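Asks: From the sequence below, what's the structure:
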Amino acid sequence: MINVVASEWLKLRSLRSTYYVLASTLSAVALTGFIAFSISRYFDTKGPGGEPVGTGLTFSADIPPVLFGMLGALAISGEYSTGMIRLTLTTIRRPWILVLAKAAVVATVAAAAGQVLAFATYFTAQAVVGGRPIGASFSEPTALPEVLSTGAGSAVAAVMGLCLATILRSTPGALIALVALLTAPTVTERFLPAPWNDWTGSLTIPSLTRQLAAVPDSGAFAPSWATAVLAGYVVIFLAAAVLAITRRDA
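Replies: Numbering: from 1, shown residues only. Sure thing, here's the model as predicted:
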């Protein structure tokens, strides 16, 4: 298993798409800085009463799951398009080991990169806000936990992308399915009555990571339930991917 993980780490590092996706995550920092600047300008001209900046993570919260999901999808979809997956599965007799090894690698990379991105986003927002009382310092109870929980959401999104690409064996199909699944709770909640709309809207990865940090008014779940839902995503998608790669030819 260790050798397979090392091999998959080498593969991920050799993909140009890995670096393109990681570079694209900087768009979240840029977007957060722009929105924080706009809110700060409003505060300077009209005073208190506008939207606070807080940690700034919510302004670009939908970007990292999509990008890290792409990272996971591209980690295996290229092998299907080139046919290299056949050689890989010939070398690794048990397909489920391949899926778990790839999942471990993309989850680790996404968690680390997502955490760095979260801190970069936070400090960018606070630098733009300056001394205005519309930011959130780490002395506040939920500020640091909110930043630290972001890496977990990035890892889950990466595993989802990997599993979708394994199931569909298509880069475009996996990316379309990924975006559809990530946005489905937000779209669905608009058509449901209370309290079902709150429960459904709480199932998005950005909402779950904030609920994991016990951020007030972030969703309907307690931190323990948010953790269980995130873990459930990983288990369900991994089980589906393992079943798909085991039951059919490459």
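
Asks: count of neighbours near Y80?
Replies: The number of residues packed near Y80 is 18, by other C-beta atoms under 10 Å. Just so you know, the C-beta spots here come from the backbone N, C-alpha and C atoms, and that holds for glycine as well.

Asks: Could you verify that it is part of a helix?
Replies: Yes: counting by DSSP: H, G, I helix; E, B strand; the rest coil, Y80 is found in a helix.

Asks: just how off-centre is the worst-scoring helix or strand of the chain on mean pLDDT within its chain?
Replies: Sorting the helices and strands of the chain by mean pLDDT, DSSP states H and E puts helix 84-91 at the bottom, at a mean of 78. Taking the mean of its C-alpha atoms, helix 84-91 sits 28 Å from the chain's own mean (C-alpha atoms, centre = their mean, to the nearest Å).

Asks: how about low-confidence regions in this structure?
Replies: 249-250 (pLDDT under 70).

Asks: what are the ranges of the helices in it?
Replies: Applying DSSP state H to the chain gives helices spanning 2-14, 16-24, 26-46, 63-82, 84-91, 95-129, 143-168, 171-189, 196-201, 205-212, 223-247.

Asks: For G56, which of the ones you listed is the nearest?
Replies: Nearest to G56, of all those, is helix 95-129, at 2.6 Å by C-beta to C-beta.

Asks: Now do the closest one and helix 26-46, the angle between them.
Replies: 30 degrees (axes from the mean of the first three to the mean of the last three C-alpha atoms, to 10 degrees).

Asks: tell me what helix 95-129 is packed against?
Replies: Other elements packing on helix 95-129 under the criterion 3 or more C-beta pairs under 8 Å, 6 or more residues apart in numbering; DSSP states H and E are helix 2-14, helix 26-46, helix 63-82, helix 84-91, helix 143-168, helix 223-247.

Asks: now do 6 Å
Replies: For helix 95-129, the packing partners by 3 or more C-beta pairs under 6 Å, 6 or more residues apart in numbering; DSSP states H and E come out as helix 2-14, helix 26-46, helix 63-82, helix 143-168, helix 223-247.

Asks: Distance to L117 for the ones you listed - can I get that in CSV?
Replies: Formatted as CSV, the helices and strands packed on helix 95-129 follow (distance: least, C-beta to C-beta, whole Å):
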stretch, distance to L117
helix 2-14, 17
helix 26-46, 6
helix 63-82, 6
helix 143-168, 7
helix 223-247, 18
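
Asks: between these, which gets nearest to S202?
Replies: It is, among these and with distance given as C-beta to C-beta, helix 223-247, at 8.0 Å.

Asks: Next, the buried residues of the least confident helix or strand of the chain.
Replies: Neighbour counts over helix 84-91 (16 or more other C-beta atoms under 10 Å) mark I85, T88, L89 as buried.

Asks: re earlier: could you dump the helices of the chain to JSON lines with distance to S137?
Replies: Listed next are the helices of the chain as JSON lines, based on distance: least, C-beta to C-beta, whole Å:
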{"stretch": "helix 2-14", "distance to S137": "36"}
{"stretch": "helix 16-24", "distance to S137": "28"}
{"stretch": "helix 26-46", "distance to S137": "14"}
{"stretch": "helix 63-82", "distance to S137": "23"}
{"stretch": "helix 84-91", "distance to S137": "48"}
{"stretch": "helix 95-129", "distance to S137": "8"}
{"stretch": "helix 143-168", "distance to S137": "6"}
{"stretch": "helix 171-189", "distance to S137": "29"}
{"stretch": "helix 196-201", "distance to S137": "28"}
{"stretch": "helix 205-212", "distance to S137": "18"}
{"stretch": "helix 223-247", "distance to S137": "21"}
